[in-house]
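>>> pasting the sequence and the predicted coordinates here, then a few questions.
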Amino acid sequence: MRTVGTMSDYVIRDPDFEARVRASFDAQGAMALMGIRLVSAVPGAIEMVLDISEKVSQQQGFVHGGVVTAGLDSACGFAALTLAAPSVEVLTIEFKTSFFAPSKGQHLTFRSTVLKSGRRVSYCEAGAFSDDGRLIAKMSTSIAMVDMPDGWTPDKTK
């Protein structure tokens with residue numbers, strides 16, 4: 001996976017980004033439903049892990065492509081959120097996923113990086129990696145910065 005910037009290259013607009021990202025992740029039912037955990041959140045990058053089970057597998061025993069895509073998409077969105085202003089949320093506006101191999105093993109790791117952080121749109125890349133470090137799938141995405149609804153916080157989503 002290509003890494004463009006370093007932490008010193010990013011503008012951190014929210015000093016409490018990590019708590020905000022973790023609260024937003026915890027409020028997202030889709031990740032919990034699939035069994036995806038947030039491992040780390042640093043400026044411009046996210047790491048998440050999926051515990052592979054029958055619940056996320058397709059008929060041949062591999063992780064379903066939709067689950068892989070959802071994990072990659074969320075990793076990109078949360079990476080963009082690490083650099084977003086406190087007054088905005090993020091929404092995916094476009095992505096492309098390429099699959100290189102079926103996913104096997106006990107875990108699938110999603111790693112994302114912000115390539116370009118903007119005030120309106122950020123561009124991110126993510127990879128899904130097997131237990132042995134093999135690249136399973138890759139996503140490139142555009143993430144929009146949108147105004148948060150009045151009074152919205154992650155704990156008010158349920």
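Thanks, I have it.

>>> helix or strand right after the helix or strand hosting Leu72?
Using DSSP states H and E, Leu72 falls within helix 65-81. Using DSSP H and E, the helix or strand that directly follows helix 65-81 along the chain is strand 88-99.

>>> and that next one, what's buried?
Judged by neighbour count using 16 or more other Cβ atoms under 10 Å, the buried positions of strand 88-99 are Val88, Glu89, Val90, Thr92, Phe95, Thr97. Any C-beta I mention is one placed from the backbone N, CA and C, and that applies to glycine too.

>>> need the contact list for the second one.
Glu89 sits next to Ser24, Leu81, Met145, Val146, Asp147, Met148, Trp152 when contact means Cβ atoms under 8 Å, 6 or more residues apart in numbering.

>>> now a ChimeraX select for only the buried ones of these.
Selecting only the buried entries of the contacts of Glu89 in ChimeraX, with 16+ other Cβ under 10 Å as the criterion:
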select :24,81,145
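
>>> among the contacts of Glu89, which ones are in strands?
Judged by DSSP state E, the contacts of Glu89 include Met145, Val146, Asp147 as members of strands.

>>> related to what we said a few turns ago, now the angle between strand 88-99 and the helix holding Leu72, please.
140 degrees (axes from the mean of the first three to the mean of the last three Cα atoms, to 10 degrees).

>>> host element of the nearest residue to Met48 once chain neighbours are set aside?
Nearest non-adjacent residue to Met48, counting by Cβ to Cβ, 6 or more residues apart in numbering: Phe110, 4.4 Å away. Assessed by DSSP H and E, Phe110 sits inside strand 107-116.

>>> still on that earlier bit, confidence-wise, which of the ones in strands among the contacts of Glu89 comes last?
The member of the ones in strands among the contacts of Glu89 with the lowest pLDDT is Asp147, at 89.

>>> is it true that it touches Ala84?
No - the pair Asp147 / Ala84 is not scored as a contact, 11.2 Å apart, by Cβ atoms under 8 Å.

>>> which phi and psi does the residue lying closest to Ser40 once chain neighbours are set aside have?
Spatial nearest neighbour of Ser40, excluding adjacent residues (Cβ to Cβ, 6+ apart): Glu47 at 4.6 Å. Per-residue torsions, Glu47: phi -130, psi 130 (degrees, to the nearest 10).

>>> from Ala41, how far off is Glu47?
From Glu47 across to Ala41, the span is 8 Å (Cβ to Cβ, to the nearest Å).
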